[in-house]
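Participant: the following comprises the amino acid sequence and a computationally predicted model.
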Amino acid sequence: MYRIAVDVGGTFTDCLVLDEQTGDLRQFKSPTTPPDPSIGCIDALAKAATAYGLALPAFLERVTLLIHGTTLATNTLINEDGARTGMITTRHFRDMLEIRRGYKNVRTSMYNVFVPPYKPLIPRRLRLEAEERVLYTGEVHKPLNEDEVREAARQLGREGIESVAIGFLHAYANTAHERRAAEIVEEELGEDVYVTTSSQILPVWREWERFSTMAVSAYTGPAVKRYLLALEDRLAENGFAGSLMMMLSDGLVETVENCIPRAVYLIGSGPAAAPAAAVHLGSETGHKNLLSFDMGGTSIDIGVVMRGEIPTTTEGWVQDERVAIKMVDIVSAGAGGGSIAWVDSLGLLRVGPNSAGGDPGPACYAKGGTAPTVTDADLVLGYIDPDFFLGGEIPLDPGLAVSAIVDKVADPLGMTVEQAAEAIMTAVSSFTADEINEMATRRGIDVRDLTLVAGGGAGPAHAAFIADILGLPHVIVPSVASTYSAFGMFAMDVGRNYARSYITRFADLDTDRVQALYEEMEQEAITGFGEMGYRAEDVSFARTADLRYIGQFHEVEVEMPLDPGQDLSETAEKTFRASVFRDAGGMQMLDAVEEAIDNFHAKHYDLYTFNMPWQGVELLTFRLRATVPKAPFELHRIPEGGPDPSAALKSHRDCWFGGERVPTPIFDGGRLKAGNQVVGPAIIEEPTTTVVVPGSFTATVDAQRSYHLNRDGAVGEPTGGTT
Amino acid sequence: MRPGPVDPITLSTIWNSFQSMGREMRYVIDRTAQNYLIAQLHDMAAGIWDAQARTIAVPEGPTSMFLSQQFSVEYILDKFGDDLHPGDVIICNDPYKGYCNHLPDWGFFRPIFYEDELVFVALTRGHQMDTGGSFPGGYFPNGYDIHAEGLMIPPTKIYDRGRERTDVLELIWNNVRWPDGVKIDNYALMAALQVCDNRIVTLLDKYGVPTVKDAVEEMLDRMEANVRAQLAEVPDGTYYGESATDDDGTVLDELVWVRCAATIKGDELILDFSESDAQRKGFVNCVYSSTYSRAVAGSFLYFDPAYSEFHNEGSMRPITVVAPEGSVCNAQYPATVGGSPVNVGTQVLEATVNALSKAMPDKAIAGWGRRRGHYIAGVDPRTGERYVQTTTDADGGSGAVWGYDGFEGAMGMSGLGSIQRGSVEEIEIRFPWRAVRYHYVPDMSGAGRWRGGSGMLWEVENVGGDVGVATGSSDGDLTQPPGAVGGEDGPLSRMYVRRGDEIIPARTHRMVQIKSGEILGKVSGGGGGVGDPTERDPDKVLEDVRNEWVTPSHARSVYKVAIDTETMTVDRDQTRMLRSSTGETETET
């Protein structure tokens, strides 16, 4: 039987097949097929079926679980081709989406005023109002005027909208008006119209953040719904009878049925799986503090994992839209194999954010591109074999790479082509290192405490250089690097995040109410998982809460133990994870809250270099993460072979390192054995990626055929890396 | 480009690192501060200077808070001389002994050392919820002199070699309202300095002092060369701009004028404010460093946007700002300055832009909607605690620029979008006020080929006890943000108290009482327009009518576009007639 992860990216659809009996992993890539990406999915699956010598239906019959990540929602937003969407909101507040707290400098400097105005997903004329008002206490100040809702729905119907977003002030405190308005809209406009409420998407305070998230969901919803239904149909037609699970932006996976009404949860689906891959790969060697780094054709995705916990944030922006649901904390930046190098008018070499993409692609693809890219530089430096790119699927022309670099970089800067190529390589590595540094610092983490885990087609060639700049001693490159996110999907838990706002000072806290909120969320989770066929005792819970000092405006999310009093410091992890379901009724809520407050003081110090124990604390949002354990999987292990890698040596090639031409040994990754040590400078070629081992590194192969690149002279494991 | 001593890769890495440190500091403040102005509206700034007091990184913040702080840093370095040490923090808010802009904006300076050498100075500054003085918040007109506006702190050490000078801090906190809150904000501002210190030391560990210093020279030289090259392309000449504020807060309804003569001579720019009004009795006076910061910020807008985030000392070198002593743009002790960030300060920026838009019409920029602030002081019946409430929610939108309409929602020209608006739900949870209305209003933007961002209608109901409201941080009852190259000025604004069915006008720079159950209302004018409104694409006018930004009658009278409201289409024939009768023809279809 097989388990499959399919990751639909912008250029390629990645498919990773795990043979449950042998633990063998095989990777397949097929072009992504807009406008209906479900075709590309089936293509990739068909490619896999052929490789296993089976017809597609026979292959799919043997698939127990298909986990699916897709950038569809993200791309719908980026390409601005979402649904025609209308909104119904509280009378006199229809402009919240376009006032949007006055944010202008989201992606530009304050000294730049020559920017087009923000264009809301729902234009002003499609934002209609109804009389109603709920207060922050949940009390109804003005009842819902149902006739006005009905009239607004009709008007939106006449405008031909496909999607309706319903957002009222303080709906997180009382959802009744939104729910009733949704019923009316459905009555008026029928089932074909996609209806979303703000409290259903994100029942958390702050209207613009909630409405904006809702608008993204409403705007992307119909496309997501169409796609998921089409995919289900295609899979069923081809004999698939296993379970199809979608990968969410919060790093959990969910059923299609539950995803359809909450499309925004698919924003970032795909890249959000990468940290889970890092956690899995790191756990093999006891590394728990990790830097997940995924470098593809157009962008890098960076995530910092501490103590093996997948990081999440509620502070995200996607393009110009604020998305306030909990998302895996990934920072994306425009730098990848296809990123274009250019010299600006200050005489500075820059790489990205423009990318040559897959078409025309880098100059060396010989598809008409003339701009020098990172891949062209890698080729000139000898890191990539022109005849073995993507296992030989794309032949490369080194002459075109040379002329592009000479014209656009080497000549303007007065360098040789090799110097220019190395400068491009260094520029992209430095840029990436800076992004990583800023991201880590913002989270209160010293980047030098991390182990770099590198994935993506271009990641393994650059990882060691980036590690060198950042002073990281260890790099892990998995053999599945080029389908890194898909691999992460195997490693993720099935589950869902819940949140409820209850804003109170600790001094006034009603612990019974907190208990009730958690129990309500737990019950909802048990019911939800029950529908998916899980038993209550399989469901684990982890509670957190958002706290702040009285007066502050921003919260810090901290762990709230299910089982207070247990001394967690002994395990060297303040992080609490409930491993088994326990009867929540037996908890002492007050102790739990006090422990959460201790956690808050500590985390505030870690994040911001100070805390204020003298100041009172306020609690705002209570969160629950409910998961069922993923099915365990064991990867195929390769035989031991001792330190000498020479059996896998396939040739030598001239490469450039530090300004010098170095005859460099090239190893066949498929023939390396566990325990082999490849001393840099060296190149290890895998069918879908190339690992560059610079002179100051040694790569050791582990039993799962991951490469551990250790910087020479690095002593032991990174600080705090193992427990 | 001549080869510098630092390779281009190291240079851009170091440059970007400084920029990201500036943003990082602001982030730490945002996450940890407790006052609405700092944490919600982002009325705070952070930057980095070097040991010669040269501006290295000023990525984001209200302009008057940090763009002239080379003067403060220089003053601090002179004053303390050898007595600066690692772990020191110096506080300063004094406009006359410290080059600050008004008293509520407290600056925290930290000298940053590397191996016993002073290498950089970091600054964080934020608008405190109180700084003492006659009325909470610092926007109270009619102070006898600056001492009536609050505590004046010349550069004073509050951390000495890493040890807190608690007695000094307590002296300060003892003289402000809400000392517990101010204390939290002070720690937030100082924590950001610590983060910056850590990052600079890491940077110096990696590259060494000589390389970083060389890179700094390159950064400054390259920006200077870049700005000079752009100025050289502008025709030489003197261009005049002006703008007025409603009054000085003491002598009411008498406009106060700021006038700017912008002279471009080769690759130099001189911004001369000599023709501005004399220093006033009222609290709208700018000290020189306030004027300097606005004038420089205004000119930055005209340089290539590709480098807009990299401005530093080098960009300022070709610019000279002239303001004679005793002018409202160079006030002398003991003039009051409390209102100057809003009144006169904004006009310095507007007058600069007004002049430069004439020099560079293809980069014309209109003024933004005027500030419509207030300070409410009262007691929250839910907690029995005193509170002060202010917000930027009601401010009008941004001005248009050549090529684009104003950016809807963005507010506050002197912050250039670095200041945000509040949240309705947050206000209702935190203060005994309930939002009644908050939305855009048709026809409340300056018309133009590109129109300004729209103004607002904002109403809140007092659900607590009776309160006093200072309307001091406002402008625009009588004066308008200027349009550019034929665009209309932004509309006038107004404020009122609704008492049952009665609407009582409330003017700027007054004190009003609002009883429980009464409503404070504001209608703000949006930003100015750019270009002749009758040259606006009729389809864009139609789109504005459909979205209710512009009424059909306004479309007809101002834009000269006839809209058939039955079919919601442009009546092309009538439009052609309307536009030709003004001597114009329909330019675009």
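Facilitator: Yes, it's here.

Participant: max-length helix in the chain?
Facilitator: Chain wasn't specified; assuming chain A. Of all segments of type helix in chain A, defined using DSSP state H, the longest is helix A:207-237.

Participant: chain B, not that one
Facilitator: From DSSP H, the single longest helix across chain B is helix B:179-207.

Participant: distance check, the residue of chain A most remote from its centre against residue B:238.
Facilitator: In chain A, the greatest distance from the average C-alpha position (C-alpha atoms, centre = their mean) is reached by residue A:147, at 42.5 Å. In this structure, residue A:147 and residue B:238 are 64 Å apart, going by C-beta to C-beta, to the nearest Å. For the C-beta atoms, the positions are set from N, CA and C on the backbone; glycine is no exception.

Participant: residues contacting residue 124?
Facilitator: I'll assume chain A. Contact partners of residue A:124, counting by C-beta atoms under 8 Å, 6 or more residues apart in numbering or on different chains, are A:94-95, A:98, B:440, B:547-549.

Participant: please go with chain B instead
Facilitator: Residue B:124 makes contacts with B:25, B:29, B:44-46, B:107-108, B:189-190, B:192-193, as judged by C-beta under 8 Å, 6+ apart.

Participant: could you report the pLDDT at residue A:482?
Facilitator: Residue A:482 carries a pLDDT value of 86.

Participant: tell me the SS of it?
Facilitator: Look at residue A:482: counting by DSSP: H, G, I helix; E, B strand; the rest coil, its state is helix.

Participant: for it, which non-adjacent residue is spatially closest?
Facilitator: Excluding its sequence neighbours, the residue lying closest to residue A:482 (C-beta to C-beta, 6 or more residues apart in numbering or on different chains) is residue A:688, at 3.7 Å.

Participant: check residue B:305 too.
Facilitator: residue A:112 (4.1 Å).

Participant: any idea how far residue B:524 is from the residue in the stretch 451-589 of chain B positioned nearest to chain A?
Facilitator: Nearest residue of the stretch 451-589 of chain B to chain A, counting by C-beta to the nearest C-beta: residue B:547, 4.0 Å away. Remark: distance between residue B:547 and residue B:524 (C-beta to C-beta) = 19 Å.

Participant: who has more neighbours, those two?
Facilitator: In this view residue B:547 and residue B:524 are compared by other C-beta atoms under 10 Å in any protein chain shown, and residue B:524 has more residues nearby, 30 against 16.

Participant: which regions of the stretch 251-400 of chain B sit below the pLDDT cut-off?
Facilitator: Applying pLDDT under 70 to the stretch 251-400 of chain B flags no residue at all.

Participant: up against chain B, what does the stretch 1-150 of chain A have?
Facilitator: Contact residues, the stretch 1-150 of chain A versus chain B (C-beta under 8 Å from any C-beta of the partner chain): A:92-96, A:98-105, A:108-118, A:123-125, A:135-136, A:141.

Participant: where does the chain have low pLDDT?
Facilitator: Since no chain was named, I'll use chain A. Using pLDDT under 70, chain A drops low at A:10, A:357-358, A:391, A:441-444, A:563-587, A:631, A:714-723.

Participant: not quite, go with chain B.
Facilitator: By pLDDT under 70, the low-scoring segments of chain B are B:1-4, B:8-9, B:582-589.

Participant: ok so, going back, is chain A within reach of the longest helix of chain B?
Facilitator: Yes - using C-beta under 8 Å from any C-beta, helix B:179-207 reaches chain A at B:180-181, B:184, B:187-188, B:190-191, B:194-195, B:198-199, B:206.

Participant: and that helix, what does it pack onto?
Facilitator: helix A:589-608, helix B:8-32, strand B:44-50, strand B:89-92, strand B:105-114, strand B:117-127, helix B:166-173, helix B:209-232 (3 or more C-beta pairs under 8 Å, 6 or more residues apart in numbering or on different chains; DSSP states H and E).

Participant: so which bits of the longest helix of chain A are buried?
Facilitator: Neighbour counts over helix A:207-237 (16 or more other C-beta atoms under 10 Å in any protein chain shown) mark A:207-228, A:231, A:234-235 as buried.

Participant: what's the first helix or strand after it?
Facilitator: strand A:243-247 (DSSP states H and E).

Participant: for the helix or strand just after that following strand, packing partners?
Facilitator: Downstream of strand A:243-247, the next assigned helix or strand under DSSP H and E is strand A:253-255. If you count contacts as 3+ C-beta pairs under 8 Å, 6+ apart, strand A:253-255 packs onto strand A:243-247, strand A:494-505.

Participant: out of those strands, which gets nearest to chain B?
Facilitator: The nearest among these, by C-beta to the nearest C-beta, is strand A:494-505 at 5.9 Å.

Participant: any part of the closest one near chain B?
Facilitator: Yes - Strand A:494-505 comes into contact with chain B (C-beta under 8 Å from any C-beta), by way of residue A:503.

Participant: that strand - contacts with which helices or strands?
Facilitator: Packed against strand A:494-505, as judged by 3+ C-beta pairs under 8 Å, 6+ apart, are the following elements: strand A:253-255, helix A:511-531, strand A:617-628.

Participant: how about 7 Å then?
Facilitator: The contact analysis (3 or more C-beta pairs under 7 Å, 6 or more residues apart in numbering or on different chains; DSSP states H and E) places strand A:494-505 against helix A:511-531, strand A:617-628.

Participant: what comes up buried for the longest one?
Facilitator: Read that as helix A:511-531. A:514-515, A:517-518, A:521-522, A:525-526, A:528-529.

Participant: what domains does the record give for the chain?
Facilitator: Just so you know, I chose chain A. A:80-217, A:339-418, A:494-628 (automatic domain parsing).

Participant: that answer is for a different chain, and I need it for chain B
Facilitator: B:8-223, B:364-531, B:534-581.

Participant: for the ones you listed, which one sits closest to residue B:271?
Facilitator: domain B:8-223 (12.9 Å; C-beta to C-beta).

Participant: sorry, back to before: helices - which of the residues of the stretch 1-150 of chain A next to chain B land there?
Facilitator: Reading helices off the residues of the stretch 1-150 of chain A next to chain B with DSSP H, I get A:96, A:98-99.

Participant: picking up where we left off before, quickly compare the helices and strands packed on strand A:253-255 and say which is most buried.
Facilitator: Stretch with highest mean neighbour count among the helices and strands packed on strand A:253-255: strand A:243-247 (a mean of 23; mean count of other C-beta atoms under 10 Å in any protein chain shown).

Participant: same for that strand, what does it pack against?
Facilitator: Applying 3+ C-beta pairs under 7 Å, 6+ apart, one finds that strand A:243-247 contacts strand A:63-70, strand A:253-255, helix A:256-259.

Participant: turn the ones you listed into a markdown table, including mean neighbour count.
Facilitator: Formatted as a markdown table, the helices and strands packed on strand A:243-247 follow (neighbours: other C-beta atoms under 10 Å in any protein chain shown):
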| stretch | mean neighbour count |
| --- | --- |
| strand A:63-70 | 23 |
| strand A:253-255 | 22 |
| helix A:256-259 | 17 |
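
Participant: now render the ones you listed as JSON lines, adding distance to residue B:465.
Facilitator: Converted to JSON lines, those look like this (distance: least, C-beta to C-beta, whole Å):
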{"stretch": "strand A:63-70", "distance to residue B:465": "55"}
{"stretch": "strand A:253-255", "distance to residue B:465": "49"}
{"stretch": "helix A:256-259", "distance to residue B:465": "48"}
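
Participant: check contacts around the residue nearest in space to the middle of chain A.
Facilitator: Taking C-alpha atoms, centre = their mean as the criterion, residue A:272 is the residue nearest the geometric centre of chain A, at 1.8 Å. The contact partners of residue A:272, by C-beta atoms under 7 Å, 6 or more residues apart in numbering or on different chains, come to A:247, A:249, A:251, A:327-328, A:330.

Participant: for the residues you listed, which single residue is the most surrounded?
Facilitator: Most crowded among the contacts of residue A:272, counting by other C-beta under 10 Å, is residue A:247 at 32 neighbours.

Participant: hang on, that residue packs against residue A:274?
Facilitator: No - Residue A:247 lies out of contact with residue A:274 (C-beta atoms under 7 Å); the separation is 10.9 Å.
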